[in-house]
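> compute the structure for the input listed below.
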Amino acid sequence: MLDQKRDSFKGLGTKVGRFFSNFPITPNQITLLAFLFVFIAFYFLVKQNFLLTIIFFLIAGFLDFIDGAVARHRHDSTLEGAYIDTIADRYIEGILLLGMLFLPLPAVLFPSYVWIFLVLFGSIVTTYAKAAAKEKDLVKQEIKGGLLSRGERIILLLLSLILGIFNLKWMVYILIFMAVLTNITAFQRIRLALKID
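Numbers count the residues shown, from 1 in each chain. Okay, here's the model as predicted:
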């Protein structure tokens with residue numbers, strides 16, 4: 001849903017892009033820097049230090065936001081940069097979910113690793129349904145929308161970390177919610193690609 005409201009954040013993106021364009025760093029370097037911070041977040045997640053995990057995950061997320069803003073402000077957007085950014089997005093999500101496998105999360109209906117897998121699987125299929133539809137010429141414009149696009153997934157992952165500070169079971173409930181909705185979103189995009197009414 002948030003991916004359909006990108007225009008609402010244009011003003012903020014312009015200001016952020018203008019400010020960070022003053023630093024001698026390329027958009028691709030900013031993307032790679034986001035990787036560094038997500039690995040630090042991963043380390044602290046494995047150590048069950050949720051507060052530091054949240055801080056470093058927020059830094060990684062912010063860097064992921066400013067790389068595109070800087071590229072647009074400098075008129076330096078490239079297909080290669082957009083591609084690297086998209087790949088980085090998948091890795092950032094996956095690394096955080098991998099870290100959750102090391103937590104002593106309680107079983108709710110199924111072991112927690114089943115829910116983590118389903119979140120990751122739904123996330124991958126949601127993205128792949130969009131890419132494959134374009135690749136196979138089923139659609140002319142990129143498929144967007146659905147219940148849980150990347151923006152919502154990141155917010156929910158952040159919420160799960162915050163809840164994990166207080167109770168690991170609450171974290172699992174968010175993962176269950178995400179597991180269901182990411183896979184529904186994948187089916188929504190498949191339906192859009194196949195133009196099923």
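> nearest residue to residue 139 in space, please, no chain neighbours.
residue 133 (4.8 Å; Cβ to Cβ, 6 or more residues apart in numbering). Bear in mind the C-beta positions are built from the backbone N, C-alpha and C, glycine included.
> which element follows whichever strand or helix holds that neighbour toward the C-terminus?
Take DSSP states H and E as the rule and residue 133 turns out to sit in helix 112-135. Once the chain leaves helix 112-135, the next helix or strand it forms, by DSSP H and E, is helix 150-166.
> which of the residues in that next one are buried?
Neighbour-count burial for helix 150-166 flags 150, 152-154, 156-158, 160-161, 163-164 (criterion: 16 or more other Cβ atoms under 10 Å).
> just curious, which of those is nearest to residue 43?
Comparing the buried residues of helix 150-166 against residue 43 with Cβ to Cβ places residue 161 closest, at 13.9 Å.
> residue contacts, that closest one?
If a contact means Cβ atoms under 8 Å, 6 or more residues apart in numbering, then residue 161 has 45, 50, 53-54, 57, 171 as its contacts.
> out of those residues, who's nearest residue 138?
Closest to residue 138, out of all of these and judged by Cβ to Cβ, is residue 57, at 34.6 Å.
> which helix or which strand is home to the closest one?
Using DSSP H and E, residue 57 falls in helix 50-73.
> that helix: how far from the chain's middle?
The chain centre lies 11 Å from the centre of helix 50-73; the measure is Cα atoms, centre = their mean, to the nearest Å.
> for the helix or strand following it, give me every contacting residue.
Proceeding N to C from helix 50-73, the next assigned helix or strand is helix 79-100, under DSSP H and E. Outside of helix 79-100, the residues within contact range by Cβ under 8 Å, 6+ apart are 27-28, 31-32, 34-35, 38-39, 41-42, 45-46, 53, 57, 60-61, 64, 67-68, 71, 112, 116, 119-120, 123-124, 127, 150, 153-154, 157, 171, 175.
> and the buried ones among these, selectable in ChimeraX?
For the buried members of the contacts of helix 79-100, the matching ChimeraX selection, counting by 16+ other Cβ under 10 Å, is:
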select :27,28,31,34,35,38,41,42,45,53,57,60,61,64,67,68,71,112,116,119,120,123,127,150,153,154,157,171,175
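> may I see the buried residues of stretch 104-114?
The neighbour-count check on stretch 104-114 (16+ other Cβ under 10 Å) flags 105, 112 as buried.
> surely the residue nearest to residue 139 meets residue 195?
No - using Cβ atoms under 8 Å, residue 133 makes no contact with residue 195, being 10.1 Å away.
> so which of these two has more stuff around it?
residue 133 (20 against 8; other Cβ atoms under 10 Å).
> quick check: next helix or strand after the lowest-mean-pLDDT helix or strand in the chain?
Lowest by mean pLDDT, DSSP states H and E among the helices and strands of the chain is helix 10-20, with a mean of 61. The helix or strand immediately downstream of helix 10-20 is helix 27-46, counting by DSSP H and E.
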